[in-house]
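J.: the following block contains a protein sequence and its predicted model.
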Amino acid sequence: MKAAIINQFGVPDVFKVKAIEKPKIKNDQLLIKVKTVSINPIDWKQRKGNHKFILGSPFPIVLGYDICGEVVETGSEIKQFKKGDNVFGVLDNKYGGALAEFAVGHENCFALQPQNISDAEAAAFPMASLTALQALRDKAGLQKGQSVLILGASGGVGHMAIQIAKIMGAKVIAVASGASKSFVEQFLPDEFVDYQAKDILNLQKRVDVFFDVAGIYSFPKCKHMLNPGGVYINTLPRPKILIHKILQWFTNGKKAKTLLMKHHQKDLFQIKQWIEENKIMVKIDRSFRLEEISEAHAYAQQGHSKGKNVVLIHSK
């Protein structure tokens, strides 16, 4: 099968599209004919080698987690899916493995693809929407009537977070560049703030949740914007967040939390339901072919995308 592989960590040009052996499934796995893959920050960070001390360097590596595709083979223990099913989800293998014509994953990684969205949209939803849901619901404990500031509101997780927070009944302050204003406002935040025109740390506002999707500010810098008992969420490396947790002892109950998306199938089912009810949508910034994977990573890594970027493999 054809796949985008890396034989070393580094810049986007390290990708090579080559023929490699099709993966074999275990009894509790599915083999997926990949239609579309979406790019997340974890993908280009892993390409650079950020996780090599945790995940090792098992070259050649096939990156990519978000996937939409067709089930072509099922292990003997699979109960929910059958050959021919169209599914979407987040792979749970080391380094993923989605950037190929075929990929494998466990049953709890997937849900049936909603019929009211395209293959590209199906691949773009999973990791971003699950991250936003788990951050706001599980880490922040966001409640109806509370307020949340979303910094980096135009990106993949950001535009998902606006919509999920609104579904949860929260007041949303969306922060992005002025160039992204019209894009962000289609998701109906209660307020939009252009961080290029205003220093958000000097805003005369207090919120219950400060969701720094963009990873710009540390807890010490923005804790003054939280209401008593408020929650700051980021995806900072754990050593830094541990320091922040010590600081939170002196902040009137304010909390600093980090998150790593978890493979909870019931959460993917919830996203699927919202999609089918037209309560949540995903926007595609750019689409690339597998042979353009270096260009795709270079573009995504700039951090200026409006929505998600996808790679088309078997998709028409």
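T.: Thanks, I have it.
J.: from here on, just use CA atoms for contacts and neighbour counts.
T.: Noted.
J.: how about the most centrally placed residue in the chain, nearest residue that isn't a chain neighbour?
T.: Centroid-nearest residue in the chain: residue 128, 2.7 Å away (criterion: Cα atoms, centre = their mean). Distances taken as Cα to Cα, 6 or more residues apart in numbering place residue 157 nearest to residue 128, at 4.5 Å, with adjacent residues excluded.
J.: how near is the one you found to residue 142?
T.: Separation of residue 157 from residue 142 (Cα to Cα, to the nearest Å): 16 Å.
J.: which SS state does the residue nearest to the centre of the chain fall under?
T.: Assigned with DSSP: H, G, I helix; E, B strand; the rest coil, residue 128 falls in the helix class.
J.: cool, and the one 3 residues further on?
T.: Classification of residue 131 by three-state DSSP places it in helix.
J.: can you check residue 309 too?
T.: Of the three states, residue 309 takes strand according to three-state DSSP.
J.: spit out the contact partners of it.
T.: Going by Cα atoms under 8 Å, 6 or more residues apart in numbering, residue 309 touches 38-39, 124, 284-288, 296, 300.
J.: hmm, 10 Å instead?
T.: Shown in contact with residue 309 (Cα atoms under 10 Å, 6 or more residues apart in numbering): 37-40, 120-121, 123-124, 155-156, 283-288, 296-297, 299-300.
J.: now swap in residue 5 and tell me
T.: So residue 5 contacts 14-20, 47, 59-63, 97, 99-100, 293 (Cα under 10 Å, 6+ apart).
J.: same thing with residue 169?
T.: Residues counted as contacts of residue 169 (Cα under 10 Å, 6+ apart) are 142-147, 163.
J.: could you rerun that using 6 Å?
T.: Counting by Cα atoms under 6 Å, 6 or more residues apart in numbering, residue 169 makes contact with 144-145.
J.: what about it, distance to residue 308?
T.: Per Cα to Cα, residue 169 is found 25 Å from residue 308.
J.: now residue 279
T.: 18 Å.
J.: same check on residue 189?
T.: 19 Å.
J.: show me where the stretch 51-200 of the chain has helices.
T.: With helices called from DSSP state H, counting those that start in this stretch, the stretch 51-200 of the chain shows them at 52-55, 119-124, 126-133, 156-167, 181-185.
J.: mean pLDDT lowest where, among those?
T.: Among the helices of the stretch 51-200 of the chain, helix 52-55 carries the lowest mean pLDDT, at a mean of 94.
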